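> model the structure of this input:
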Amino acid sequence: MLKRYAPLKNLKKRLPFWVVGFLVFIFLLKYKFILSPLWIIIFILIDEKIKEGYFFDPRDVKKPLTHENLAVITSAILAVIALLGRREKNDEDKDNRW
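So this is what the prediction gives:
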């Protein structure tokens, strides 16, 4: 199934990036919630570049637990959050009208 799955490949290069990425995520989660999922997507793609040498391989989207798969799932979640936020804002605007 996942014959070439090596989650710890290039760990020494990726570890400092993970630490910085985690701290940025915590900051964004605390102050700007909507930017947190966007940062996760960027973080996943940069980590893929560090690990494998490329940003995105469409063939890996169907494979579970790959960077590409996680980026697509996170993008879908971000789209749903944005749509719900827009709908909620439109409902508030309608309530505030005379």
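> so which bits of the helix or strand encompassing L23 are buried?
Per DSSP states H and E: L23 is located in helix 11-31. For helix 11-31, a neighbour-count test (16 or more other CB atoms under 10 Å) marks 14, 21, 25, 28 as buried. Every C-beta, even on glycine, is put in place using the N, C-alpha and C of the backbone.
> tell me which residues of the top helix by length along the chain are tucked away?
If you go by DSSP state H, the chain has its longest helix at helix 67-96. Neighbour-count burial for helix 67-96 flags 67-68, 70-72, 74, 78 (criterion: 16+ other CB under 10 Å).
> tell me where the model's unsure across this protein.
Filtered on pLDDT under 70, the chain yields the residue ranges 1-5, 91-98.
> swap in 50 and give it another go.
Within the chain, not a single segment meets pLDDT under 50.
> for K9, phi and psi?
Here the main-chain torsion angles of K9 (degrees, to the nearest 10) amount to phi -60, psi 130.
> still on that earlier bit, got a list of contacts for the helix holding L23?
Contacts with helix 11-31, where a contact means CB atoms under 8 Å, 6 or more residues apart in numbering, come from 35-36, 39-40, 43, 46-47, 50-51.
> kindly recompute the last result at 6 Å.
35-36, 39, 43, 50 (CB atoms under 6 Å, 6 or more residues apart in numbering).
> tell me the one of the residues you listed nearest K62?
Nearest to K62, judged by CB to CB, of the contacts of helix 11-31 is F43 at 21.6 Å.
> once you drop chain neighbours, what's closest to the closest one?
If the residues on either side of it in the chain are set aside, F43 comes closest to G21, at 4.5 Å by CB to CB, 6 or more residues apart in numbering.
> hmm, back to that, and of the buried residues of helix 11-31, the nearest to E88?
L28 (20.3 Å).
> top of the contacts of helix 11-31 by number of neighbours, please.
Among these, F43 has the most neighbours (other CB atoms under 10 Å), with 21 neighbours.
> so that residue, which of the three states?
helix (DSSP: H, G, I helix; E, B strand; the rest coil).
> how close does it get to P7?
15 Å (CB to CB, to the nearest Å).
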